[in-house]
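K.L.:
Following is a predicted model, sequence given first.
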Amino acid sequence: MGSSDRAKQLLADALNCDAALISGDVRIGQFERWDSLAHLRLILAIEQELGRELDPDEAVRIEGLADIATLLGAARRPLTR
């Protein structure tokens, strides 16, 4: 599963809805179910997925599906020298 698909599934789980209801350009404040409690569930799910806590700057930058996918994708990229 790619970063975008995994991001969509994590968001759907946090919002307690079907992933098919989430558009690719969804942003917090545009989707009624994406409230502060759902956002906390999302942050916890991302942390579990990454195996680490998000730093506060990372957490506040999560405003849309693309931001989630970026975080997940960065964690999967191999380190380069």
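P.N.:
Yep, that arrived.

K.L.:
going forward, measure contacts and count neighbours with C-alpha atoms only.
P.N.:
OK.

K.L.:
which residues does the residue most central in space within the chain contact?
P.N.:
In the chain, the centroid-proximal residue (Cα atoms, centre = their mean) is Ile68; its distance is 3.4 Å. By Cα atoms under 8 Å, 6 or more residues apart in numbering, Ile68 lies in contact with Ser4, Ala7, Ile46, Ile62.

K.L.:
any idea which helix is longest in the chain?
P.N.:
Across the chain, the longest stretch assigned as helix under DSSP state H is helix 36-50.

K.L.:
looking just at contacts, which helices and strands does it meet?
P.N.:
The contact analysis (3 or more Cα pairs under 8 Å, 6 or more residues apart in numbering; DSSP states H and E) places helix 36-50 against helix 3-15, helix 65-76.

K.L.:
Try it again at 6 Å.
P.N.:
Secondary-structure packing of helix 36-50 (3 or more Cα pairs under 6 Å, 6 or more residues apart in numbering; DSSP states H and E): helix 3-15.

K.L.:
Could you pull up the mean pLDDT of the helix it packs on?
P.N.:
When pLDDT is averaged over helix 3-15, the result is 94.

K.L.:
Give me the buried positions along it.
P.N.:
Ser3, Ser4, Arg6, Ala7, Lys8, Gln9, Leu10, Leu11, Ala12, Asp13, Ala14, Leu15 (16 or more other Cα atoms under 10 Å).

K.L.:
got a list of contacts for it?
P.N.:
Asp18, Ala19, Arg33, Ala38, Arg41, Leu42, Ile68, Ala69, Leu72, Gly73 (Cα atoms under 6 Å, 6 or more residues apart in numbering).
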